[in-house]
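Novice: please find the sequence and the predicted model below.
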Amino acid sequence: MTPKKQQWLQVVGHAGNFHVGDYGTLLKRFCKEEQQCYLRLMEDTLRPFVPAYHGVVQQDKQDYNVIDNLLTHFDSPAIMDCKMGSRTYLEKELLVARERPQPRKDMYEKMVAVDPEAPTDQERAQKAVLKTRYMQWRETLSSTATLGFRIEGFRKTNGECLTNFKRTKSKEQVMEALDNYVASSTQIVWGYLTRLKQLREALETSDFFRTHEVVGSSLLFVHDWTGRTGIWMIDFGKAAALPPHLTCDHRTPWVEGNREDGYLWGLDNFIDILDNMLSLT
Ligand SMILES: Nc1ncnc2c1ncn2[C@@H]1O[C@H](COP(=O)(O)OP(=O)(O)OP(=O)(O)O)[C@@H](O)[C@H]1O
Ligand SMILES: O=P(O)(O)O[C@@H]1[C@H](O)[C@H](O)[C@@H](OP(=O)(O)O)[C@H](OP(=O)(O)O)[C@H]1O
């Protein structure tokens, strides 16, 4: 019997990294660091909060990590990607930027498209910016630096896609965007809030979480017209294992060297915001 072709769509993230696999799976372009994370996560308390990992396959000479397609059990779902944490680049990337700076023209173009005043004189002369500088600018322009997470984009149940959140920064702006995403449904907000609280409990007891710097990872929110909701952690391409003498509590503010990423602080703020939305109804 031929397996049913699965539904999948991507709202944000690098284009061309994914293929739809068989039996409710997705193939994501292979990344060794991400594979290491998934292998550990399959043995961790976080397992119910990440897509199941099914190993590596090769297609047209390219390797892929095979993971569950989280949209499988939804009917024309709404999907939202929120990047977690107060820092979106690794400490390692800062060191590389200092030792071997490689200013990027594409990031300069993306920066001036949003704010022509943002580049320094030197950046303007070079028409290029360092990646870490671009990432820091994105963090302070959005809610990453002040709330510990940001909305990257979403698709609503009516099919409308919104990805213009680079300047969505204040609590009020975030709440307005979230309300738009859930089409003002308190039932959906309640479902997401319950799941986020469960996730927080799992994170607080997770060995994986205590021993990794989790940067650039997202929460994928999914719901559909039936009222079904789900949230999963995705994108572990930049989650890095800490050296044995170090752990992270994910709430302590970052200073270079402590590897803290603000993930749990961001989750606390997210939970407060959803709580607030419910209390306003
Ligand atoms: N397991 C999954 N099930 C369903 N959709 C997924 C899954 N993993 C990723 N996606 C979709 O693909 C998008 C991009 O995913 P992801 O962040 O893993 O890719 P990426 O190429 O590493 O992105 P980035 O540009 O942030 O590095 C997500 O926002 C989501 O819409
Ligand atoms: O959202 P934007 O403004 O388009 O910026 C991108 C975003 O920050 C991605 O997370 C990042 O990939 P990584 O997280 O994998 O570093 C990418 O870097 P890249 O261009 O070097 O891939 C940036 O260009």
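Specialist: Here it is on my side, so go on. Numbering: from 1, shown residues only. Ligands and ions are numbered 1, 2, ... in the order given.
Novice: quick one: name the residues of the protein near ligand 2.
Specialist: T88, K110, K131, M135, R138, G216, G237, K238 (CB under 6 Å from any ligand atom). C-beta: built from backbone N, CA, C; applies to glycine.
Novice: show me which of the residues you listed neighbour ligand 1.
Specialist: Among the residues of the chain next to ligand 2, ligand 1 is touched by G237 when using CB under 6 Å from any ligand atom.
Novice: of the residues of the chain next to ligand 2 - the most surrounded one?
Specialist: T88 (23 neighbours; other CB atoms under 10 Å).
Novice: pretty sure that residue is touching S218, no?
Specialist: No - at 10.6 Å, T88 does not count as touching S218 under the criterion of CB atoms under 8 Å.
Novice: now for the residue of the stretch 1-150 of the chain found nearest ligand 1, how many residues are close by?
Specialist: Distances between the stretch 1-150 of the chain and ligand 1 by CB to the nearest ligand atom are smallest at G13, namely 2.7 Å. Residues near G13, counting by other CB under 10 Å, number 16.
Novice: the residue of the stretch 101-250 of the chain found nearest ligand 1: neighbour count?
Specialist: Closest approach between the stretch 101-250 of the chain and ligand 1, counting by CB to the nearest ligand atom: D235, at 3.4 Å. If you count neighbours by other CB under 10 Å, D235 ends up with 23.
Novice: who's in contact with E123?
Specialist: E123 is in contact with P103, Y108, V129, R133, counting by CB atoms under 8 Å, 6 or more residues apart in numbering.
Novice: for the closest residue to T163 other than its chain neighbours, name its beta-bridge partners.
Specialist: Of all residues not flanking T163 in the chain, G153 sits nearest, at 3.6 Å (CB to CB, 6 or more residues apart in numbering). For G153, the beta-bridge partners are D81 (DSSP bridges).
Novice: residues contacting the residue lying closest to K110 once chain neighbours are set aside?
Specialist: Leaving aside its sequence neighbours, K110 sits nearest to Y134 (CB to CB, 6+ apart; 7.2 Å). Counting by CB under 8 Å, 6+ apart, Y134 makes contact with R104, M107, K110, M111.
Novice: Y134 looks like it's in a helix, true?
Specialist: Yes - Y134: assigned to a helix according to DSSP: H, G, I helix; E, B strand; the rest coil.
Novice: any buried residues in the longest helix seen in the chain, and which?
Specialist: Ordering each helix of the chain by length in residues (DSSP state H) puts helix 186-204 first. Across helix 186-204, burial judged by 16 or more other CB atoms under 10 Å covers I188, V189, W190, G191, Y192, L193, R195, L196, L199, A202, L203.
Novice: what of stretch 138-147?
Specialist: Buried-residue list, stretch 138-147, by 16+ other CB under 10 Å: R138, E139, L141, S142, S143, T144, A145, L147.
Novice: which ones are touching the most centrally placed residue in the chain?
Specialist: Nearest residue to the geometric centre of the chain (CA atoms, centre = their mean): S218, 1.6 Å. Neighbouring residues of S218 by CB under 8 Å, 6+ apart: D81, C82, K83, M84, E152, M233, I234, D235.
Novice: and if you look at Q59?
Specialist: Counted by CB under 8 Å, 6+ apart, Q59 has contacts H19, L27.
Novice: now do the helices in the protein.
Specialist: 32-41, 91-99, 105-114, 121-126, 131-141, 144-147, 171-181, 186-204, 207-210, 263-279.
Novice: close to ligand 1, is the second one?
Specialist: No - looking at helix 91-99 against ligand 1 by CB under 6 Å from any ligand atom, there are no contacts, and the closest approach is 13.1 Å.
Novice: adjust the sequence numbering to begin at 55 for everything that follows.
Specialist: New numbering, starting at 55: the last item is helix 145-153.
Novice: thank you kindly, that will do.
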